[in-house]
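Undergrad: this one's structure only:
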């Protein structure tokens, strides 16, 4: 499973927004002031490495580097070549200015860094820092210089956004991250803000059968309903801490390991369109789709298959990437129905476990839901940030 995702780990739909509340107590200074972007980036010279921007041709070598770092740091995942190639596909990323790789004298990659943004941020403008140093080259000051470069570049990107909203520089780490890594983050002003639990559920247990009421029904994922699923996600996660609307491009990105055969949607075949259109919380894109008579997806379970992780974990599993329910459809067992359909599909393909991630501070009752279905914690991760 990739550790370079720019989205918050999986959680149920209902949550309370704290991003805006945290900044509402005092006026924000202009983003150019808050970002405090340096005019020039600090040099990266440590470790006798040759530095240059990453290119798509680096994908195989970068995969080796990332997985050797993951093994050394006891991370519970390994990546595939498809996941690394996915890094280079989004049009919003500019590798010439926002990435670095360090090569040794033999031309082997020993360190890397990527500063990423997320298109469409409207509540909090964010940059995400990714990178690492090969264990053979640690202790030479490379990580410290790389992080200084990333933070500086992140500040430049925030200032250039021109968005007069709260801002955040973000990175993620497993709970098992080396203590020296955590100390480095803290020296640069990062603090742990959110905690996530990875849960698994033994598929040898019976999977519940769920009957939905009214005109609701579970259907397999299809390309024809993908856009309706995106609109459902943007509504479901609208008030979730750290979540931002997903554009069409960002929604479709990062699907190298997507498992459509394990993914399910809940649709309303007879929605009360007039009531939804009259609801001030209905977003403009959903309203346009309702007026056009497009299908209404009200819940979704989107899954991925991460074969490279199976030997690391010691078991096979299906992974629920996203689970959500439109705000107006909560309390109708939509999430349970979608999740159960996914679990049944995992089991039918011989997977031993169902897995997902959840924000430990999720106030929607997600933990109770997962516990009632037999999910148990197996590992955890943290989001570190500098809030601006």
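TA: Received the coordinates, thanks. Not measured: the values here are computed from a predicted model. Numbers count the residues shown, from 1 in each chain.
Undergrad: which stretches in the stretch 251-388 of the chain count as helices?
TA: Remark: helices assigned in the stretch 251-388 of the chain by DSSP state H, counting those that start in this stretch are 273-278, 284-291, 310-313, 334-348, 366-372.
Undergrad: buried set for the second one?
TA: In this case it means helix 284-291. By neighbour count on 16 or more other CB atoms under 10 Å, the buried set for helix 284-291 is 286, 289, 290. Every C-beta, even on glycine, is put in place using the N, C-alpha and C of the backbone.
Undergrad: what mean pLDDT does it get?
TA: The pLDDT scores in helix 284-291 average 92.
Undergrad: equivalent analysis for the fourth one, please.
TA: Confidence over helix 334-348, taken as the mean pLDDT, stands at 96.
Undergrad: residues making contact with that helix?
TA: Residues from elsewhere that reach helix 334-348 (CB atoms under 8 Å, 6 or more residues apart in numbering): 12-13, 201, 203, 207-210, 212, 216, 218, 261-266, 298-301, 303, 317-318, 320, 323-325, 353-354, 369, 373.
Undergrad: do that again at 7 Å, thanks
TA: 12, 203, 207-208, 210, 212, 216, 218, 261-264, 266, 298-301, 303, 318, 320, 323, 325, 354, 369 (CB atoms under 7 Å, 6 or more residues apart in numbering).
Undergrad: buried ones among the residues you listed?
TA: By 16+ other CB under 10 Å, the contacts of helix 334-348 give 12, 203, 207, 210, 212, 216, 218, 262-264, 266, 298-301, 303, 318, 320, 323, 325, 354, 369 as buried.
Undergrad: filter these down to just the ones in strands.
TA: If you go by DSSP state E, these have 216, 218, 264, 266, 298-301, 303, 318, 320, 323, 325, 354 in strands.
Undergrad: quick check: bridge partners of residue 133?
TA: Residue 133 has these beta-bridge partners by DSSP bridges: residue 111.
Undergrad: so which of the helices of the stretch 251-388 of the chain is nearest residue 53?
TA: Of all the helices of the stretch 251-388 of the chain, helix 310-313 sits nearest to residue 53, with 30.1 Å by CB to CB.
Undergrad: neighbouring contacts of that closest one?
TA: Contacts for helix 310-313 (CB under 7 Å, 6+ apart): 76, 77, 78, 316.
Undergrad: and for stretch 101-117?
TA: 6, 47, 49-52, 54, 58, 61-62, 65, 87, 92-93, 98-100, 127-134, 137, 142, 146, 149-150, 153-154, 157.
Undergrad: what's the answer for stretch 60-77, then?
TA: So stretch 60-77 is contacted by 1, 3, 54, 78-79, 81, 84, 109, 112, 132, 134-135, 174, 176-178, 306, 309, 312-313, 379 (CB under 7 Å, 6+ apart).
Undergrad: list the buried residues for that stretch?
TA: For stretch 60-77, by 16+ other CB under 10 Å, it's 61-63, 65-70, 73, 75-77.
Undergrad: identify the farthest-apart pair in these.
TA: 61 and 76 (23.1 Å).
Undergrad: in strands, which of the buried residues of stretch 60-77 fall?
TA: Among these, no member falls in strands (DSSP E).
Undergrad: check contacts around residue 28.
TA: Residues near residue 28 by CB under 7 Å, 6+ apart: 34, 164, 166.
Undergrad: which phi and psi does it have?
TA: When read as degrees, to the nearest 10, the backbone of residue 28 gives phi -80, psi 140.
Undergrad: pLDDT score for it?
TA: You'll see residue 28 listed with a pLDDT of 89.
Undergrad: next: residue 7.
TA: 39.
Undergrad: what does residue 111 give?
TA: The model's pLDDT for residue 111 equals 97.
Undergrad: re the thing from before, as JSON lines, the buried residues of stretch 60-77 with pLDDT and distance to residue 185 would be great.
TA: Shown next, in JSON lines, are these (pLDDT from 0 to 100; distance: CB to CB, whole Å):
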{"residue": "61", "pLDDT": "97", "distance to residue 185": "26"}
{"residue": "62", "pLDDT": "97", "distance to residue 185": "22"}
{"residue": "63", "pLDDT": "97", "distance to residue 185": "25"}
{"residue": "65", "pLDDT": "97", "distance to residue 185": "20"}
{"residue": "66", "pLDDT": "97", "distance to residue 185": "19"}
{"residue": "67", "pLDDT": "97", "distance to residue 185": "22"}
{"residue": "68", "pLDDT": "97", "distance to residue 185": "21"}
{"residue": "69", "pLDDT": "96", "distance to residue 185": "16"}
{"residue": "70", "pLDDT": "95", "distance to residue 185": "18"}
{"residue": "73", "pLDDT": "93", "distance to residue 185": "14"}
{"residue": "75", "pLDDT": "93", "distance to residue 185": "16"}
{"residue": "76", "pLDDT": "92", "distance to residue 185": "20"}
{"residue": "77", "pLDDT": "94", "distance to residue 185": "20"}
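Undergrad: one step back: what's the most buried one of the helices of the stretch 251-388 of the chain?
TA: The highest average neighbour count among the helices of the stretch 251-388 of the chain, using mean count of other CB atoms under 10 Å, belongs to helix 334-348 at a mean of 23.
Undergrad: now the residue located most distally from the centre of the chain: how far from residue 62?
TA: Residue farthest from the centre of the chain, counting by CA atoms, centre = their mean, is residue 105 at 35.1 Å. Residue 105 sits 19 Å away from residue 62, going by CB to CB, to the nearest Å.
Undergrad: got any ranges where the chain has weak pLDDT?
TA: For the chain, the stretches with pLDDT under 70 are 1-25, 362-367.
Undergrad: biggest helix in it by residues?
TA: Taking DSSP state H as the criterion, the chain has its longest helix at helix 142-161.
Undergrad: pull out the buried positions in stretch 233-242.
TA: Under the neighbour-count criterion of 16+ other CB under 10 Å, stretch 233-242 has 233, 234, 235, 236, 237, 238, 239, 240, 241, 242 buried.
Undergrad: from these, which is closest to residue 330?
TA: Checking these one by one against residue 330 (CB to CB), the nearest turns out to be residue 236, at 8.9 Å.
Undergrad: perfect, I'm done here.
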